[in-house]
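# Turn this into a structure:
(chains A, B, C and D)
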There are 2 protein chains.
Amino acid sequence: MKSESRKEEIIRAASILFKEKGYSAVTMRDLAKAMGIKAASLYNHIDSKQEILSTIIIELAEEFTTGMNQIVNSKVDAIKKLENIIDLHIDVTLRNSDGLASLNNDWMHLEEKNLQYFEKMRQEYEENFRAIVKNGVDREEIKPFNIEIMVFSTLSTLRTLYLWYPKQKNIDAEILKHDMISVLLKGMV
Amino acid sequence: MKSESRKEEIIRAASILFKEKGYSAVTMRDLAKAMGIKAASLYNHIDSKQEILSTIIIELAEEFTTGMNQIVNSKVDAIKKLENIIDLHIDVTLRNSDGLASLNNDWMHLEEKNLQYFEKMRQEYEENFRAIVKNGVDREEIKPFNIEIMVFSTLSTLRTLYLWYPKQKNIDAEILKHDMISVLLKGMV
DNA sequence: GTCTATATATAGATAGAC
DNA sequence: GTCTATCTATATATAGAC
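Numbers count the residues shown, from 1 in each chain, chains lettered A, B, ... in the order given. Next up is the predicted model:
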């Protein structure tokens, strides 16, 4: 029987180290040191270094997938859907900005099965995002700029929030949401 | 005596591998295989794996620094300066999108001296960017949104171009520049 | 749940022949 | 300029004592 709570501590510590140096550059000894134990002791709680990475990434990817599916199925206009997507990214970033570093930079180190699962989720996320923008352009809610550029510029900003937001001391989440919506959408609308 | 041209080939091959898996996950044997030689042979052209990384990153960082300094010292309004910064990023991305992966994701693996040099250049770049936006807001050329959010959202998009642009088959550089300026700036102006 | 000791693999880098 | 052979360090992971 594995202690879930200890495992979660390890995953949290690993997320921080992976954010600082990347998955490949962090050793099990580094992680053990951060936990105040020896490397061998880690294996009483986790099966492998790979398991830590996949737990971090897959959990977050599933959060985004669930959130996006709810937004896609909601009966609101395209602008409101984009606002809800911005909210989703800010909420996830506030809850686990360290883990998002692995999702963004170390997904390619996932093993075969999880790699495929992750790539499928990421592709579907992007396609849902693109479809919302397209629909908004068709219904003349969004300006007819190049759709790929609008999708890319918005997503790239949302995906990089994990690097920026933790350094902002004086921005409340609600104010951030409001201002981010202005900056990201006012150019399109 | 080292053959510069062979060294450049190695650096180009390394940039591609570093982009795919990150600096730490690429071995000298991987790099040698990509070059069609043995790992030991690489050392006839380069001193260390670290030298490859620092060559890639410092060269690019200096390009951005030089470009930004020219823009800062030019006598044009804030909007035109931002347009020129967008051009700069697109030009550098077109010339060396692979190397930009290392600059963005592996700078923390630079050794002390180069790490400090890089971080200084990056900080000055951001400060120049912020000053241009601030000046534009003061002169009422740019809307008075939150400055940090405008700086972050624009820079995050420009910094991620290296991932996106190589996948776009049908976008000409001049059209990209024009549309990117629209999407990034129309929300601010 | 953590430890010491260790198995096994692989990393960056060098020596010296061709 | 490239090779084979190899040094030395360090990686992930396991076995078994406490």
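
# The residue most central in space within chain A: what secondary structure?
Among the residues of chain A, the smallest C-alpha distance to the mean C-alpha position (Cα atoms, centre = their mean) belongs to A:L100, namely 4.5 Å. Per DSSP: H, G, I helix; E, B strand; the rest coil, the local secondary structure of A:L100 is helix.

# can you give me the helices for chain A?
Chain-ordered helices for chain A, with DSSP state H as the definition, fall at A:4-21, A:28-35, A:39-42, A:49-72, A:78-105, A:112-138, A:147-164, A:173-185.

# re the thing from before, and for the closest residue to the residue nearest to the centre of chain A other than its chain neighbours, the neighbour number?
Computed as Cβ to Cβ, 6 or more residues apart in numbering or on different chains, the closest residue to A:L100 that is not its neighbour in sequence is A:Y162, at 3.7 Å. Every C-beta, even on glycine, is put in place using the N, C-alpha and C of the backbone. A:Y162 has 22 neighbouring residues, counting by other Cβ atoms under 10 Å in any protein chain shown.

# wouldn't A:K49 be in contact with A:D30 here?
No. Here A:K49 does not reach A:D30: they are 10.7 Å apart, not a contact under Cβ atoms under 8 Å.

# how about the residues of chain A that lie near DNA strand C?
Of all the residues in chain A, those in contact range of DNA strand C (Cβ under 7 Å from any atom of the strand) are A:2-3, A:6, A:32, A:37-41, A:44-45.

# again, only this time at 10 Å
For chain A, the contact set with DNA strand C under Cβ under 10 Å from any atom of the strand comprises A:1-7, A:9-10, A:24, A:29, A:32-33, A:35-45.

# And the residue nearest to the centre of chain A, how far from DNA strand C?
27 Å (Cβ to the nearest atom of the strand, to the nearest Å).

# Could you tell me which residues make contact with that residue?
By Cβ atoms under 8 Å, 6 or more residues apart in numbering or on different chains, the residues touching A:L100 are A:60, A:92-93, A:159, A:161-162.

# mind redoing it with 7 Å?
A:60, A:93, A:162 (Cβ atoms under 7 Å, 6 or more residues apart in numbering or on different chains).

# got a pLDDT number for the nearest residue to A:E124 once chain neighbours are set aside?
Leaving out its chain neighbours, the residue that sits closest to A:E124 by Cβ to Cβ, 6+ apart is A:T65, at 7.1 Å. Reading off the per-residue confidence, A:T65 sits at a pLDDT of 99.

# what's the neighbour count on A:T65?
Per other Cβ under 10 Å, the neighbour tally for A:T65 reads 16.

# Surely it and A:M121 touch.
Yes. Counting by Cβ atoms under 7 Å, A:T65 does reach A:M121; the two are 5.0 Å apart.

# got the contact list for stretch A:54-61?
Judged by Cβ under 7 Å, 6+ apart, the contacts made with stretch A:54-61 from elsewhere in the structure are A:11, A:15, A:92, A:96, A:99-100, A:102-103, A:107, A:110, A:114, A:117-118, A:121-122.

# how about it as CSV, C-alpha atoms only?
Provided in CSV are the C-alpha atoms of stretch A:54-61 (Å, rounded to 0.1, in the frame of the first residue of the first chain):
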residue,chain,number,x,y,z
SER,A,54,3.2,11.4,-16.5
THR,A,55,1.1,12.0,-13.3
ILE,A,56,1.9,15.7,-13.5
ILE,A,57,1.2,16.1,-17.2
ILE,A,58,-1.8,13.8,-17.7
GLU,A,59,-3.7,15.2,-14.8
LEU,A,60,-3.3,18.8,-16.1
ALA,A,61,-4.1,17.8,-19.7
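
# touching DNA strand D at all, that stretch?
No. With Cβ under 10 Å from any atom of the strand as the threshold, stretch A:54-61 lies outside contact range of DNA strand D, at a closest distance of 11.5 Å.

# Would you mark the buried spots in that stretch?
By 16 or more other Cβ atoms under 10 Å in any protein chain shown, the buried positions in stretch A:54-61 come out as A:54-58, A:60-61.

# go on, stretch A:153-173?
Along stretch A:153-173, the positions that meet the burial threshold by neighbour count (16+ other Cβ under 10 Å) are A:153-165, A:171.

# Turn these into JSON lines, columns for pLDDT.
Rendered in JSON lines, the data for the buried residues of stretch A:153-173 read as follows (pLDDT from 0 to 100):
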{"residue": "A:S153", "pLDDT": "95"}
{"residue": "A:T154", "pLDDT": "96"}
{"residue": "A:L155", "pLDDT": "98"}
{"residue": "A:S156", "pLDDT": "98"}
{"residue": "A:T157", "pLDDT": "97"}
{"residue": "A:L158", "pLDDT": "98"}
{"residue": "A:R159", "pLDDT": "98"}
{"residue": "A:T160", "pLDDT": "98"}
{"residue": "A:L161", "pLDDT": "98"}
{"residue": "A:Y162", "pLDDT": "98"}
{"residue": "A:L163", "pLDDT": "98"}
{"residue": "A:W164", "pLDDT": "97"}
{"residue": "A:Y165", "pLDDT": "94"}
{"residue": "A:I171", "pLDDT": "86"}
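
# any idea which of these is closest to DNA strand D?
A:Y162 (22.7 Å; Cβ to the nearest atom of the strand).

# Contacts only, for that closest one.
By Cβ under 7 Å, 6+ apart, the contact set of A:Y162 is A:93, A:97, A:100-101.

# Go again with 10 Å.
Residues in contact with A:Y162, defined by Cβ atoms under 10 Å, 6 or more residues apart in numbering or on different chains, are A:19, A:89, A:92-94, A:96-104.
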